[in-house]
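Undergrad: I'd like to go over a predicted model; first the sequence, then the structure.
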2 protein chains.
Amino acid sequence: MPALLLKDLPRFECLLEYARHNPDLDPSALVAYLHLLRASDIAFAAADRNFTRFGLSHGRFGVLMLLLRKEQADGSCRVDEKSGRTPADLAAAAGVSRATMTGLIDTLERDGLVTRQPDEQDRRMMVVKMTEQGRERLSRLLPIHFQTVAELLAPLSESERQTLLQLLSRIRDPRAVALDPVAADAPASFST
Amino acid sequence: MPALLLKDLPRFECLLEYARHNPDLDPSALVAYLHLLRASDIAFAAADRNFTRFGLSHGRFGVLMLLLRKEQADGSCRVDEKSGRTPADLAAAAGVSRATMTGLIDTLERDGLVTRQPDEQDRRMMVVKMTEQGRERLSRLLPIHFQTVAELLAPLSESERQTLLQLLSRIRDPRAVALDPVAADAPASFST
DNA sequence: CTATTGTCGTTAGCAGGCTAACTATCCGCC
DNA sequence: GGCGGATAGTTAGCCTGCTAACGACAATAG
């Protein structure tokens, strides 16, 4: 069920051993890297257990969250009524390929959590909408999901979470860094 | 290619928006959780690009590392000559199912990086050994892999890495915590 | 010595990503 | 007005993980 491999802890030994034999490389980077994968895998698997209980997966959950967000557009978030509802838009927003999004929507539609109708203006497009049942299921899952997240981070104090977040946000894709070296030490505020 | 979804950044907005509408839940936990998945995904994908360049995957790389470790047994590491070479042992050490290990070894054997021979003592078992070609490929890959890891962590100073590591190692599986609450605040030194 | 129990490796079939290629449609330019 | 290039959604096929179930074999109980 965990999409990422749980195999980090065991590999610790081998890699660290190798590092011991080759002291020219950076042991602290390696250890941090392995802990990062391990912690993320734990969090991923914990969330996935909740999703599975509700007949969802990480991918399908993401789609429903995107649709929920659109529905909250009447609230504080200014999102034009149109954007984000077509499969292509959802795929871009969710970070998966259009082909994958087709499969996700297929399953969601089969389970009655989502509807798919042809767009009237542009007949290439489809319009994906969340059903009442989808909203209901999401509203049952979300408190549990957030509680799980809270439990995962429970061992850390508020200020420690800030520190963790600040350190994590400075880890960047080396390729991206090469393209945009200036951003390497920016505080990196995503959600704004 | 990335086995974990790259879709964390986009979902930031939706989840944070939801959190804004429901202030009873823990925003700092949610943000830390999302940054954790994102950072891990970046690291995972960066490593995976190297593996792919050398015809490997995360899983196959892990197997070779385990076999390499066995081979270093003549050095500083006291490992009995026998352990860790059967598929079942490798599966347990790598954290995958035995069925998955069969597939990993199949591919590695097909590519000539590993051999599989029946065990003489116990005819249920097989003995997996790394070939010279496997050693050679691993020795070409490892410097690049370690350099990638070093680049990923380059934005952090030595003491920041220590902090990161210390915070990450306190994130535990909620289920495991329930079983062993004492370990929840232990420093958690794995590699010893 | 036989029967039960358990382990090893493999197979079959599922899930969820991906790319590449296809059809249908829109847009812009002549 | 029509034609070429871009875009939407789908399909087909691959990869890699998983579980469940199998036959072969070992180990132990009686």
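TA: Arrived safely. What you see is a predicted model; the values in this text were computed from it and never measured. Numbering: from 1, shown residues only, chains lettered A, B, ... in the order given.
Undergrad: mean confidence score for the longest helix along chain A?
TA: Using DSSP state H, we find that the single longest helix of chain A is helix A:27-53. Helix A:27-53 shows an average pLDDT of 89 in the prediction.
Undergrad: stretch A:140-149 too?
TA: Confidence over stretch A:140-149 (mean pLDDT, whole number) is 90.
Undergrad: if we can go back for a sec, briefly note if the very next helix or strand once past the longest helix of chain A comes near DNA strand C.
TA: Per DSSP states H and E, helix A:27-53 leads on to helix A:58-71 as the next helix or strand towards the C-terminus. Yes - contact of helix A:58-71 with DNA strand C (C-beta under 7 Å from any atom of the strand) involves A:H58, A:G59, A:R60. (Glycine included, C-beta is placed from N, CA and C.)
Undergrad: the second one against A:L104, yeah?
TA: Yes - counting by C-beta atoms under 8 Å, a contact exists between A:G59 and A:L104, whose distance comes to 5.0 Å.
Undergrad: give me the common contacts of these two.
TA: Here A:G59 and A:L104 have A:V96 as joint contacts, going by C-beta atoms under 8 Å, 6 or more residues apart in numbering or on different chains.
Undergrad: for A:G55, give me its contacts.
TA: A:D111, A:R137.
Undergrad: residue boundaries of the strands in chain A?
TA: A:114-118, A:126-130 (DSSP state E).
Undergrad: other SSEs contacting the last one?
TA: Think strand A:126-130. Packing partners of strand A:126-130 (3 or more C-beta pairs under 8 Å, 6 or more residues apart in numbering or on different chains; DSSP states H and E): helix A:58-71, helix A:87-94, strand A:114-118.
Undergrad: return the most buried member of these.
TA: For these, ranked by mean neighbour count under the definition mean count of other C-beta atoms under 10 Å in any protein chain shown, the leader is helix A:58-71 at a mean of 22.
Undergrad: mind putting the strands of chain A into CSV with distance to DNA strand D and mean pLDDT?
TA: Shown next, in CSV, are those (distance: least, C-beta to the nearest atom of the strand, whole Å; pLDDT from 0 to 100):
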stretch, distance to DNA strand D, mean pLDDT
strand A:114-118, 6, 92
strand A:126-130, 4, 93
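Undergrad: reformat those as a markdown table; add distance to DNA strand C.
TA: Shown next, in a markdown table, are the strands of chain A (distance: least, C-beta to the nearest atom of the strand, whole Å):
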| stretch | distance to DNA strand C |
| --- | --- |
| strand A:114-118 | 9 |
| strand A:126-130 | 11 |
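Undergrad: among the ones you listed, which comes closest to B:M126?
TA: For B:M126, the closest of the strands of chain A is strand A:114-118, at 46.8 Å, according to C-beta to C-beta.
Undergrad: who's in contact with the residue lying closest to A:L164 once chain neighbours are set aside?
TA: Nearest non-adjacent residue to A:L164, counting by C-beta to C-beta, 6 or more residues apart in numbering or on different chains: B:L167, 4.5 Å away. Under the criterion of C-beta under 8 Å, 6+ apart, the neighbours of B:L167 are A:L156, A:E160, A:T163, A:L164, A:L167.
Undergrad: check what pLDDT the nearest residue to the second one once chain neighbours are set aside gets.
TA: Which is A:E160. In this structure, A:E160 finds its nearest non-sequential neighbour in B:L167, 5.9 Å apart by C-beta to C-beta, 6+ apart. We have a pLDDT of 94 for B:L167.
Undergrad: relative to DNA strand C, how far out is B:L167?
TA: 28 Å (C-beta to the nearest atom of the strand, to the nearest Å).
Undergrad: against B:V127, how distant is that residue?
TA: 41 Å (C-beta to C-beta, to the nearest Å).
Undergrad: one step back: need the residues of helix A:58-71 next to DNA strand C in TSV (columns: pLDDT and distance to A:V31).
TA: Output for these, formatted as TSV (pLDDT from 0 to 100; distance: C-beta to C-beta, whole Å):
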residue	pLDDT	distance to A:V31
A:H58	90	27
A:G59	90	31
A:R60	92	35
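Undergrad: from those, which single one is nearest DNA strand C?
TA: Using C-beta to the nearest atom of the strand, A:G59 is the member of these that lies nearest DNA strand C, at 2.3 Å.
Undergrad: circling back: rebuild the residues of helix A:58-71 next to DNA strand C as JSON lines, extending it with distance to DNA strand D.
TA: Putting these into JSON lines (distance: C-beta to the nearest atom of the strand, whole Å) gives the following:
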{"residue": "A:H58", "distance to DNA strand D": "14"}
{"residue": "A:G59", "distance to DNA strand D": "14"}
{"residue": "A:R60", "distance to DNA strand D": "14"}
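Undergrad: now render those residues as TSV, adding distance to B:I144.
TA: Formatted as TSV, these follow (distance: C-beta to C-beta, whole Å):
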residue	distance to B:I144
A:H58	30
A:G59	31
A:R60	36
